[in-house]
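Student: Please find the sequence and the predicted model below.
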Amino acid sequence: MDRAHYDQVVRTFFNCDPPAISEIFREFLLAMQAEETLPPAAHMTQNYETAAANPEIHLLPGNLKDARDTVFPYFWGTDSWSSPLHLENVKGPANYASLVGALACLLKNPNLCTDTYSQRSNELEVKAVTALANLLFYHTKDPWGVFTMGGTISNLYGARIGIEKSLPGAMQRGLQGVKLAGIVSEAAHYSGRSITGWLGLGTENLHAIPTDASMAMRLDLLAEKLETLSREGYRVAFVCATFGTTDAFGTDDVAGIRRILDSFAQQHSVPAPQLHVDAAVGWVLSFLAEYDTTQNPLEFSPELLPLVQRVQQGLVGLRLADSVTIDFHKMGWGHYPGSAFIVNRRSDLRYLSRTVEDTPYFSEADSRRDPALFTLECSRPALGPYTVMASLNSIGLTGWQMLVARSLELAQRLKQNLERLDYCKVLNLDTVGPSVVWWVLPQGRDAKAIYQDMIAGRLSTERYHQYTHEIQKVFERREREADPKLDARLSYTTSIGFRPHGLNLPAWKAVLFNPRTDEAILDRLVRGIEELS
Ligand SMILES: *Cc1c(COP(=O)(O)O)cnc(C)c1O
């Protein structure tokens, strides 16, 4: 081997050259800044046609700028979603404290599997998980948890514990023909189906309970379903409540569900199903849990205070959950992946544990702290703990309170301004959160009367199809006519989760997720609707 050539490769790619690295990073930052002066949109179209056609790898070793040049075409001209005009859900702007945390993490590249590979990063995970658990459960004695790849996987952990509680030994022996079921609401995220499919329960054994008009699981129907399943010989492994549904921000009554599960377990002498709460989006409200609405130290507006009080009532139920999913990469303005699975009582993790004999790579692992002994993943990135703790501690509790309160305030304003229009109907007036889902019908229609007819079951199939068609047509017209430089971008959902008489409710959707969105943008949105219809 040509040793000089080899040494050149090692020097270029394995010796840290801070000026070279910061220069490339500065160039990326400049490119991003330049993009932010453009209206929100994808400026470079995709080119899947030949994406697979020329998968060549460069022949000769290059340098770090080749790395830059390789990824740059996929970086430049793509929307970074930092514009305040983005009111779609799921992806919002990540905060820059999170970026600082992420970069620090990438420099050390820890692996959270065990202490040996993580150095001190496992400590940071314990800190992050405890901080989040304290927010959710209000200082319960013994919470614990881990960061995972996403809300789906965090929910999977909850379901997996439920299976083991209702069928001990399933980890080793499988389901052995025992009939197991899981329960969610009709407004729950589709990840419930992925999980029951992947865990071998089968998607058909996930039962979706209808919700009321506030997108909360109907407790009467939950109680009925538990009895029916029990009569049919099923064990219910878990009930996954949703705290903040993806579209409309409905929140299930966790305390009510707890009561039903406990009394069911007692009557039938069975273990209570795992009560997991999917708070992937809704957890962020917990920053307001202890806000003093009497003293009002942050001078929230008088209209906001009743909303904060309602949030606080809803949060009380979270303390009764067995486990919770939170996604920092959703409403936490954090980087992917930043999801945490948190248990209220650490001892519940024993349902997931494996022995040191099962994990020969980690013979030094200590079951008191090494997560590899119970996590699904083997290697696990530390981005979650780094980005979350960096964000939590630099923004600070009151910083978070202001960010969350502001998005509630803006959502409320948008709801009120839309509800004033006869041909509009806000579908989630009763939920407190950053999302707004609503109908816009052609002018002259009485949207509220149509909604009432729908709830009462008075809407014929033809009228249902006609109105839902109109709602979509008006949406498409706005999309065509909107000025991308000035008009907010919205999304459209075909079902908000509440399904009166089995009918899906489609809706226009906006999420007040971007802290830079302001009243002027919302007022223009409402004016635009008035001019459209
Ligand atoms: C997004 C979402 C999930 C899934 O989370 P991922 O991080 O995308 O896997 C689960 N539940 C709810 C309510 C969500 O909104």
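Tutor: Everything's here; your move. Numbering: from 1, shown residues only.
Student: and stretch 137-156, anywhere near the ligand?
Tutor: Yes - legend: contact between stretch 137-156 and the ligand by C-beta under 6 Å from any ligand atom is shown at 150, 151, 152. Heads up, the C-betas are built off the backbone N, CA and C, glycines and all.
Student: could you list every residue that touches the last one?
Tutor: Okay, so that is residue 152. Contacts for residue 152 (C-beta atoms under 8 Å, 6 or more residues apart in numbering) come out as 191, 194, 195.
Student: Which members of these additionally contact the ligand?
Tutor: Answer for these near the ligand (C-beta under 6 Å from any ligand atom): residue 191.
Student: Scan the contacts of residue 152 and report the most crowded one.
Tutor: If you count neighbours using other C-beta atoms under 10 Å, the busiest of the contacts of residue 152 is residue 195, which has 24 neighbours.
Student: Surely it is in contact with residue 151?
Tutor: No - taking C-beta atoms under 8 Å as the definition, residue 195 is not a contact partner of residue 151, at 10.6 Å.
Student: thinking again about what came up before, in a markdown table, list the residues of stretch 137-156 next to the ligand along with distance to residue 14 and secondary structure.
Tutor: Listed next are the residues of stretch 137-156 next to the ligand as a markdown table, based on distance: C-beta to C-beta, whole Å; DSSP: H, G, I helix; E, B strand; the rest coil:
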| residue | distance to residue 14 | secondary structure |
| --- | --- | --- |
| 150 | 31 | coil |
| 151 | 36 | helix |
| 152 | 35 | helix |
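Student: The longest strand along the chain packs against which elements?
Tutor: Longest strand in the chain by number of residues (criterion: DSSP state E): strand 235-242. Applying 3 or more C-beta pairs under 8 Å, 6 or more residues apart in numbering; DSSP states H and E, we find strand 235-242 packed against helix 151-166, strand 180-185, helix 219-231, helix 254-268, strand 274-278.
Student: so of those, which one's packed in deepest?
Tutor: strand 274-278 (a mean of 29; mean count of other C-beta atoms under 10 Å).
Student: Determine the angle, from 0 to 180 degrees, between that strand and strand 180-185.
Tutor: Using axes from the mean of the first three to the mean of the last three C-alpha atoms, to 10 degrees, the direction of strand 274-278 lies 40 degrees away from that of strand 180-185.
Student: So which elements touch strand 274-278?
Tutor: Checking 3+ C-beta pairs under 8 Å, 6+ apart, strand 274-278 ends up next to helix 151-166, strand 235-242, helix 254-268, strand 323-327.
Student: try it again with 10 Å
Tutor: helix 151-166, strand 180-185, helix 191-198, strand 235-242, helix 254-268, strand 323-327, strand 339-343 (3 or more C-beta pairs under 10 Å, 6 or more residues apart in numbering; DSSP states H and E).
Student: State the next helix or strand along the chain beyond that strand.
Tutor: helix 304-316 (DSSP states H and E).
Student: Poorly predicted segments of this structure, please.
Tutor: 356, 361-364, 367-368, 533 (pLDDT under 70).
Student: Spell out which parts of it neighbour the ligand.
Tutor: 150-152, 189, 191, 242, 246, 278, 280-281, 327, 330, 339.
Student: circling back: include distance to residue 461 when you put the helices and strands packed on strand 274-278 into CSV, please.
Tutor: Listed next are those as CSV, based on distance: least, C-beta to C-beta, whole Å:
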stretch, distance to residue 461
helix 151-166, 35
strand 180-185, 25
helix 191-198, 27
strand 235-242, 29
helix 254-268, 33
strand 323-327, 37
strand 339-343, 41
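Student: who's in contact with the residue in the stretch 251-400 of the chain that the ligand sits nearest to?
Tutor: Nearest residue of the stretch 251-400 of the chain to the ligand (C-beta to the nearest ligand atom) works out as residue 280 at 3.7 Å. By C-beta atoms under 10 Å, 6 or more residues apart in numbering, the residues touching residue 280 are 150-152, 154-155, 189, 191, 242-246, 324-331, 339.
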